[in-house]
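# Need a 3D model of the sequence below.
(2 chains)
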Amino acid sequence: MELYKQQDIKIYNTLSGEKELFKPLIDGYVGMYVCGPTVYSNVHLGNVRTFMSFDMIFRYLKHLGYKVRYVRNITDAGHLEDDADVGEDKITKKARLESIEPMEIVQRYTVDFHNVLQTLNFLPPSIEPTATGHIIEQIELIQTIIDNGFAYVVNGSVYFDVLKYNESHEYGILSKRKLDDLIHNTRTLDGQSDKKNPQDFALWKKAEPSHIMRWPSPWSNGFPGWHLECTAMSTKYLGEQFDIHGGGMDLKFPHHECEIAQNQAAKNQAPVKYWMHANMLELNGSRMSKSTGNYINPAELFSGENDIMSKGFSPGVIRFFMMQAAYRSVLDLTNDGLLAAEKGFNRLIDAINLIDHLKASSSSSIDVSAWRQKCYDAMNDDFNTPILIANLFEGVKYINQIKDGKATITSEDLELLQKTMTTFAFDILGLENISKTENNSDKLSGAVELLIKMRQEARANRDFALSDRIRDELAQAGIQLNDSREGTTFSIN
RNA sequence: GACAAGGUGGCUGAAUGGUUAAGGCAGCAGAUUGCAAAUCUGUUUUAUAUGAGUUCGAAUCUCAUUCUUGUCUCCA
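Predicted coordinates for the structure are as follows:
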């Protein structure tokens, strides 16, 4: 029997503001759409956190036996630079600055994006569609919305009529905004806007002569509005209605609100059953921003080549750090936090690697099945990874107790313990089991082993001056010796 | 300015009315060691922004104050 028939998941739905029991539209199948990156610069670390949350959710749903189609788009058409009609495509702007083709920019940063995610051990989504590959679908969608009377054409551009829409539907249903408040609070921007009302948003924009990225349409040579691609692609690959739509908190309004409106206007139904929003990543307590210098990109974080952190942190540590916080909470990236995560991560991995060496007994002094269900309970409660990790550390304690002979376990329970630890740590949290010494070259190992042997001999002869010199100078070179009853091993910092 | 989310110990981060507020890190003690480090075990402090209120009972609900973050314009 599939696991999902035994484990009931509750998901916090932004639409209702409550945790709801998760029931897919089609039993056993899950359609999930997540708004992907705009590939006009290196991927933002906060962006990475959002995708990591949904990677974890994807992994857990798959683990439960659901057949999941996970769609995460690549926005390569760029978006309007500002609200005025002189809007310039972000990608076009960058391309002109660097004097290369827009698609060259797209290619470069798509590759960067994929590299970063792969380094962090992400699973690829089922489909990764691009906006530029779905211009025809977007044009068709616009035409439907016009035909249904929710959009109007002005000077070759098409705008969504929010006021008209609000007469028959509720604009603001997701973000809990009232249209009246929006009207009241919208700043009136200078410039000759073609919009009937400031709340209206573009479905199609006529391209200015300087705009390189452009496509023919019934209305003008131009480009699609930025909310449209997600509606077009989610509909194409997941249907007019699907289970989960995710993204960052900052996309709730207006982006996701507009997606709902577009879908309602085109198909007269709500597109998504469960709206999920991941919270923001801060750096030292405040917003990450390139302009203020409070910014770090993934590569700098890995390498340690930055002015913010004291050292580099491995992708596994970054992943563990992020999974220690709930996806709906703000997470503060700090040096202290990462150092703490690094130690905790190593302790967890060390314990998991110890399981193979444990000896089974005729009875168990711990209830492994009950503990295992606690791990599922944590994940079932809106993917509460911090509680899951707390439970995994309970497992760490069991492992060490068994090793010290302070607890016993049967061979069946031992197998269950190992399976549960590795499944949750590696398959679901997506942590990687990288043994400390594994990636050292044989030559280096040979040299260090020789020094370890010499030190042992010195200690046997009580020549502590020599033995301590070997230990200390190796430490200075970044190689730490770890003594234990079983012998001496080394790790490289 | 308007709207939204939040403020939990030295750091981090769970827990939405009910006995001792999870876990990680740091600190302290012990095991181990020639001594350390590493590792393991145990463990501490008036920790729920501030002030009032509702309740038998509040981190959790209400109001006020204050601070942080987000959105309102492209943004994960």
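# residues in contact with A:Asn263?
Shown in contact with A:Asn263 (Cβ atoms under 8 Å, 6 or more residues apart in numbering): A:231, A:235, A:240, A:269-271. Quick note: C-beta positions are derived from backbone N, CA and C, even for glycine.
# Helix, strand or coil: sort out A:Gln480 for me.
Following DSSP: H, G, I helix; E, B strand; the rest coil, we place A:Gln480 in the strand state.
# That one: neighbour count?
For A:Gln480, the neighbour count with other Cβ atoms under 10 Å is 14.
# Quick check: beta-bridge partners of it?
Beta-bridge pairing for A:Gln480 (DSSP bridges): A:Ser491.
# Can you say which helix or strand has the closest residue in space to A:Tyr66 that isn't next to it in sequence in it?
Spatial nearest neighbour of A:Tyr66, excluding adjacent residues (Cβ to Cβ, 6 or more residues apart in numbering): A:Val30 at 4.7 Å. According to DSSP states H and E, A:Val30 maps onto strand A:29-34.
# Is the helix or strand that comes right after that strand positioned near RNA strand B?
Sequence-wise, the next helix or strand downstream of strand A:29-34 (DSSP H and E) is helix A:45-63. Yes. Using Cβ under 7 Å from any atom of the strand, helix A:45-63 reaches RNA strand B at A:46-47, A:49-50.
# ok, residues contacting the helix or strand harbouring A:Ala340?
Element membership for A:Ala340, per DSSP H and E: helix A:335-354. Helix A:335-354 has contacts (Cβ under 8 Å, 6+ apart) with A:308-310, A:313-314, A:316-318, A:320-321, A:324, A:389, A:392-393, A:395-396, A:399-400, A:403, A:418, A:421-422, A:425, A:431, A:433-436.
# mind checking how far A:Gln199 is from A:Leu179?
Using Cβ to Cβ, to the nearest Å, A:Gln199 is found at 7 Å from A:Leu179.
# what residues are shared contacts of the two?
Shared contacts of A:Gln199 and A:Leu179 (Cβ under 8 Å, 6+ apart): A:162-163, A:171.
# per-residue confidence at the closest residue to RNA strand B within the stretch 1-150 of chain A?
Using Cβ to the nearest atom of the strand, A:Gly46 is the residue of the stretch 1-150 of chain A that sits closest to RNA strand B, at 2.5 Å. On pLDDT, A:Gly46 comes in at 90.
# and the nearest residue to it once chain neighbours are set aside, how many neighbours?
Nearest non-adjacent residue to A:Gly46, counting by Cβ to Cβ, 6+ apart: A:Leu281, 4.0 Å away. Neighbour count for A:Leu281, taken as other Cβ under 10 Å: 22.
# what pairs with A:Leu281 across the strands?
As for beta bridges, A:Leu281 partners with A:Leu331 under DSSP bridges.
# confidence score at it?
Here, the pLDDT recorded for A:Leu281 equals 91.
# can you tell if stretch A:228-244 touches RNA strand B?
No. Stretch A:228-244 lies apart from RNA strand B when judged by Cβ under 7 Å from any atom of the strand; the minimum separation is 9.3 Å.
# now do stretch A:162-180
Yes. Judged by Cβ under 7 Å from any atom of the strand, stretch A:162-180 comes into contact with RNA strand B at A:175-177.
# Quick one: end-to-end distance for that stretch.
The first residue of stretch A:162-180 is 11 Å away from its last residue (Cα to Cα, to the nearest Å).
# Please compute how far the host helix or strand of A:Glu473 lies from its chain's middle.
Per DSSP H and E: A:Glu473 is located in helix A:464-476. Its chain's C-alpha centre and that of helix A:464-476 lie 44 Å apart, by Cα atoms, centre = their mean, to the nearest Å.
# What are the contacting residues of it?
A:448, A:451, A:454-455, A:458-459, A:480-481, A:490.
# thinking again about what came up before, ok, the residue nearest to A:Gly46 to A:Arg471 distance?
Taken as Cβ to Cβ, the span from A:Leu281 to A:Arg471 is 40 Å.
# can you check A:Ile105 too?
Separation of A:Ile105 from A:Arg471 (Cβ to Cβ) stands at 52 Å.
# do A:Gly46 as well
A:Gly46 sits at a distance of 42 Å from A:Arg471 (criterion: Cβ to Cβ).
# Contacts only, for the residue nearest to A:Ser234 when sequence neighbours are not counted.
In space, and not counting its chain neighbours, A:Ser234 is closest to A:Tyr33: 4.4 Å by Cβ to Cβ, 6+ apart. By Cβ under 8 Å, 6+ apart, the residues touching A:Tyr33 are A:71-73, A:230, A:233-234, A:237-238, A:242, A:244-246, A:272.
# can you count the residues close to A:Leu358?
Neighbour count for A:Leu358, taken as other Cβ under 10 Å: 18.
# Pretty sure it sits against A:Asn400.
No. A:Leu358 lies out of contact with A:Asn400 (Cβ atoms under 8 Å); the separation is 9.9 Å.
# pLDDT score for A:Gly65?
Confidence score, pLDDT, at A:Gly65: 96.
# What of A:Arg49?
pLDDT, A:Arg49: 94.
# Tell me which of A:Gln199 and A:Leu179 has more neighbours.
More crowded of A:Gln199 and A:Leu179, by other Cβ under 10 Å: A:Gln199, with 19 against 16.
# Just give the closest residue to the more buried one, not the sequence neighbours.
The shortest distance from A:Gln199 to any non-neighbouring residue, by Cβ to Cβ, 6+ apart, is to A:Val162 (4.3 Å).
# Nearest spatial neighbour of A:Phe253, chain-adjacent residues omitted?
A:Ser175 (3.8 Å).
# The one you found: neighbouring residues, count only.
Applying other Cβ under 10 Å, we find 15 residues neighbouring A:Ser175.
# residues contacting it?
Contact analysis of A:Ser175 by Cβ under 8 Å, 6+ apart lists A:252-254, A:256-257.
# For it, what is the enclosing helix or strand?
Applying DSSP H and E, one finds A:Ser175 in no helix or strand.
# Please state the backbone phi and psi of it?
Backbone torsions for A:Ser175, taken as degrees, to the nearest 10, come to phi -90, psi 0.
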